[in-house]
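[1] please find the sequence and the predicted model below.
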Amino acid sequence: MSDKKLQAIIAPSILSADLSNLADECQKLNEQGADWLHIDVMDGHFVPNFTFGQTVIKCLRNKVKGFFDCHLMISEPQKWVKKFHNAGADQYTFHYEAVENQEQLCKEIKETGMRVGIAIKPTTQIEDNLLNLINSNLVDMILIMTVEPGFGGQKFMYDMMQKVQLLRSKYPTLDIQVDGGIVCENIDIVAQAGANVIVSGTGIINHADPKKAMAFMKERVQHQIDSQNN
Ligand SMILES: O=C(CO)[C@H](O)[C@H](O)COP(=O)(O)O
């Protein structure tokens with residue numbers, strides 16, 4: 001039985017930041033209360049958009065403290081594990097759909113010391129193989145996508161909450177991340193479903209007061225965790 005305590009974690013997605021001034025934007029988010037920085041890596045192949053890769057992450061690492069939560073929306077994520085580790089990534093979240101042998105990849109990531117995340121797209125169901133990976137303690141976090149991966153600013157998909165509820169009912173202390181369309185107005189829905197790691201791009205960065213938005217989201221998620229445990 002794990003003695004891990006679930007915590008609310010707020011991870012602003014830097015995709016919505018001013019990319020011409022990324023290090024300063026990351027520092028600002030840290031000062032405003034970010035627990036993690038969510039870094040969306042897109043290859044123009046697995047998703048129809050490009051962002052940044054390990055070279056940019058390495059530059060950021062030289063200037064920015066904190067936890068780099070890297071979401072690899074790429075084909076062949078197995079090819080980049082060491083490079084991202086060397087660049088300073090703290091967590092490597094790959095897409096379940098992008099690899100054949102997820103178990104092997106989880107082991108390779110774990111060997112580097114990075115945390116292991118597995119992301120699933122909206123059309124991917126929670127199948128037995130995924131549950132087996134979680135049961136084998138190879139996975140630190142599951143990311144339930146609440147939009148089709150590729151772009152910020154999309155509409156939140158409410159029906160993804162069934163997956164969050166299912167996972168939370170089976171795994172009380174697993175980190176469950178949600179990503180896409182999350183704003184202050186729907187934070188209670190994801191918190192009540194059982195998500196504890198919140199990614200939000202436009203919902204935080206385009207908010208009139210990002211510090212207040214992060215504090216609000218964190219308080220709502222932590223409140224839900226605490227009320228479940230009492
Ligand atoms: O993974 C992503 C898109 O694929 C991003 O993290 C997501 O876009 C966050 O932005 P927003 O909160 O604006 O939807």
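    In hand now; what should we look at?
[2] show me what contacts the residue nearest to L133 when sequence neighbours are not counted?
    Leaving out its chain neighbours, the residue that sits closest to L133 by C-beta to C-beta, 6 or more residues apart in numbering is V139, at 5.3 Å. Yep, even glycine has a C-beta here, placed from its N, CA and C like the rest. When contacts are counted by C-beta atoms under 8 Å, 6 or more residues apart in numbering, V139 touches 106, 116-118, 133, 174.
[3] nearest to I198, of those residues?
    G117 (14.1 Å; C-beta to C-beta).
[4] confirm the closest one sits in a strand?
    Yes. Assigned with DSSP: H, G, I helix; E, B strand; the rest coil, G117 falls within a strand.
[5] neighbours of the residue in the chain that the ligand sits nearest to, just the number please.
    Closest to the ligand within the chain is G201: 2.8 Å, counting by C-beta to the nearest ligand atom. Per other C-beta atoms under 10 Å, the neighbour tally for G201 reads 25.
[6] please report how far it lies from L29.
    Look at G201 and L29: by C-beta to C-beta, to the nearest Å, they are 11 Å apart.
[7] joint contacts of those two?
    Taking C-beta under 8 Å, 6+ apart as the contact rule, G201 and L29 both touch 12, 14.
[8] who in this protein is up against the ligand?
    Where the chain comes near the ligand, counting by C-beta under 6 Å from any ligand atom, the residues are 13, 15-16, 38, 40, 71, 147, 149-154, 179-182, 199-203.
[9] recalculate using a threshold of 5 Å.
    13, 40, 149, 152-153, 179-181, 199-202 (C-beta under 5 Å from any ligand atom).
[10] quick one: which of these is most hemmed in?
    Neighbour-wise, those (other C-beta under 10 Å) top out at S200, 30 neighbours.
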